[in-house]
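Peer 1: output the structure for:
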Amino acid sequence: MAITQEMPIFPLGSVLFPGGRLGLRIFEPRYVEMAKRCLREQTVFGVALIRAGFEVGKPAIPWDWGCTARIADWQMPAPDHYSLRARGEQRFRIRRRWALDSELLMAEVELAEPPEPLPLPPSYALLGQLLGDLIEELGAERFPQPARLDDTAWVAYRLAELMPVLPERQQALLELEQPLQLLEAVTRLVQQLPDEAR
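Peer 2: Sure thing, here's the model as predicted:
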């Protein structure tokens, strides 16, 4: 049976994947209150790519699929200004959404089951090696730790978030249910990249 719950939605111009890192600077009153509640109650909020609208101002219209985010640490550099670091946890699908008087977007979401642990198949060993090289080149601090280069889902999500493609293409990757499907899609995208992007 599908698990549903209500949560605030933060529409963004980027895609968050499970296990991914997200930095936010929050100053709009609706999101300040959201952050305070999430910290107080130790709850998550939803991140979804904007389909129409903007991050600031009237509530944007998000895509149906997103990822829950949990605040890992925070600072308050000024009154009612938060600097947050959050991590992606679980994919979800929006079933119903509405805006509060504060213009905070709320939604009833269906949480997707996390994928079963699956060792990285030998046929995708080169992708694991590619990701390992990128981690070494870009710096381990930019990636969730510990690195799990032998885990299919972890490798798939990290490569998906690194792809130099439009957010809409990343959104399509987020919507894939199985990590092996995601690895196949990432492989196709890598093959389509110009040489300098590879």
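Peer 1: pLDDT wise, what is the closest residue in space to G132 that isn't next to it in sequence at?
Peer 2: Nearest residue to G132 in three dimensions, chain neighbours excluded: L149, at 5.4 Å (Cβ to Cβ, 6 or more residues apart in numbering). Using the backbone N, CA and C atoms, a C-beta is placed for each residue, glycine as well. Confidence at L149, expressed as pLDDT, is 94.
Peer 1: so who does L149 touch?
Peer 2: L120, G128, L131, G132, V155 (Cβ atoms under 8 Å, 6 or more residues apart in numbering).
Peer 1: ok, G53 - how many residues close by?
Peer 2: 13 (other Cβ atoms under 10 Å).
Peer 1: would you map out the domains in the chain?
Peer 2: Using automatic domain parsing, the domain parsing of the chain gives 3-111, 122-192.
Peer 1: chain center to the longest one, what's the gap?
Peer 2: Domain 3-111 has its C-alpha centroid displaced from the chain centroid by 10 Å (Cα atoms, centre = their mean, to the nearest Å).
Peer 1: what about that domain, start to end distance?
Peer 2: 6 Å (Cα to Cα, to the nearest Å).
Peer 1: surely P144 meets G19?
Peer 2: Yes. Under the criterion of Cβ atoms under 8 Å, P144 makes contact with G19 at 5.1 Å.
Peer 1: now for these two: what residues contact both?
Peer 2: With Cβ under 8 Å, 6+ apart as the test, P144 and G19 both reach R87.
Peer 1: what comes up buried for stretch 79-91?
Peer 2: Using 16 or more other Cβ atoms under 10 Å as the test for burial, stretch 79-91 gives Y82, L84, A86, R87, G88, E89, Q90, R91.
Peer 1: what does stretch 22-39 give?
Peer 2: Residues L22, L24, I26, R30, Y31, V32, E33, M34, A35, C38 are the ones in stretch 22-39 that count as buried (16+ other Cβ under 10 Å).
Peer 1: and the residues you listed, which of them are in strands?
Peer 2: With strands defined by DSSP state E, the entries of the buried residues of stretch 22-39 inside them are L22, L24, I26.
Peer 1: what's the closest non-adjacent residue to the second one?
Peer 2: I take that to be L24. L84 (4.5 Å).
Peer 1: what do you get for the last one?
Peer 2: If the residues on either side of it in the chain are set aside, I26 comes closest to Y82, at 4.3 Å by Cβ to Cβ, 6+ apart.
Peer 1: so that neighbour touches P29, yeah?
Peer 2: No. In this structure, Y82 is not within contact of P29 by Cβ under 8 Å, at 11.6 Å.
Peer 1: end to end, how far does stretch 70-90 reach?
Peer 2: 10 Å.
Peer 1: pLDDT weak spots in this structure?
Peer 2: Where the chain drops to pLDDT under 70, the residues are 1, 194-198.
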